[in-house]
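Visitor: Got a predicted structure here, sequence first:
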Amino acid sequence: MQKKLLLLVFLATAIFSTGCIPRTSPHTIQRNTLPNTQPITYPQVRNSSLPTFSYQKVQTVQGPVLTIGSNRTGFLFPDFKGKIILLEVFGQHCHFCIESLPSITYLHSKYRQNLQVVALQVQEQMSRSKANSLIQQFNMNYPIIDRANGSELMSILKSNYEWTGSLPFTLLIKNGVTQQVFTEQTDQEEIERAIQSLL
């Protein structure tokens with residue numbers, strides 16, 4: 001028991017002291033659509049002694065409730081066991097977010113055997129008519145969590161991923177561990193290559 005506790009303390013210290021993986025890592029995401037934007041990297045921890053997940057129930061815009069686990073390394077979606085999760089953080093009034101929705105829907109459809117999209121809308125609460133309009137216009141046949149029900153998820157993104165509110169913000173998650181983080185504008189091909197690397 002004492003060894004496990006020491007191992008957890010060591011892992012936490014290593015994560016906080018390094019802050020990110022080296023810029024030469026193959027997991028570095030190079031922003032190429034915005035000028036003067038630096039690559040962004042996040043720690044990728046794959047250890048059997050990972051901290052346990054704390055779970056919450058979150059209602060989606062469509063009605064069903066999702067169970068979501070979280071810890072410092074990622075999110076776990078037991079409802080979509082075995083699938084890569086694309087967590088798309090967007091805003092209903094964000095021009096770039098709306099522009100990217102067709103690409104997200106396309107990727108969800110193309111890789112549906114292995115990929116599950118979950119969307120989190122973080123601007124002011126959506127009206128029912130606005131939600132229905134987005135769902136129909138962009139064929140969003142994946143769970144959408146609105147700000148009112150996703151406030152705890154937003155807090156986790158801020159504390160664990162240093163998310164500042166910039167949109168869109170996308171996480172690729174496999175087996176409860178965040179594998180890739182994309183900030184602001186990322187083209188479809190870049191996200192698709194990342195998905196393919198995790199298959």
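Guide: On my side now, so go ahead.
Visitor: what about the strands in this protein?
Guide: 54-59, 65-71, 74-76, 84-90, 115-121, 144-146, 169-174, 177-183 (DSSP state E).
Visitor: Any regions of the chain where pLDDT drops low?
Guide: 1-51 (pLDDT under 70).
Visitor: would you list every one of the helices in it?
Guide: 2-18, 95-110, 128-137, 147-161, 188-198 (DSSP state H).
Visitor: Give me the buried positions along stretch 90-107.
Guide: 90-92, 94, 96-98, 100-101, 103-105, 107 (16 or more other Cβ atoms under 10 Å). Where C-beta positions appear, they are placed from N, C-alpha and C, glycine not excepted.
Visitor: actually stretch 134-150, not the one I typed
Guide: Here stretch 134-150 shows Leu134, Ile135, Met140, Tyr142, Pro143, Ile144, Ile145, Asp146, Arg147, Asn149, Gly150 as buried, counting by 16+ other Cβ under 10 Å.
Visitor: Quick one: neighbours of Arg112, just the number.
Guide: Arg112 has 13 neighbours, counted by other Cβ atoms under 10 Å.
Visitor: Return the member of the buried residues of stretch 90-107 nearest to Lys158.
Guide: Lys158 has its nearest neighbour among those in Gly91, at 15.1 Å by Cβ to Cβ.
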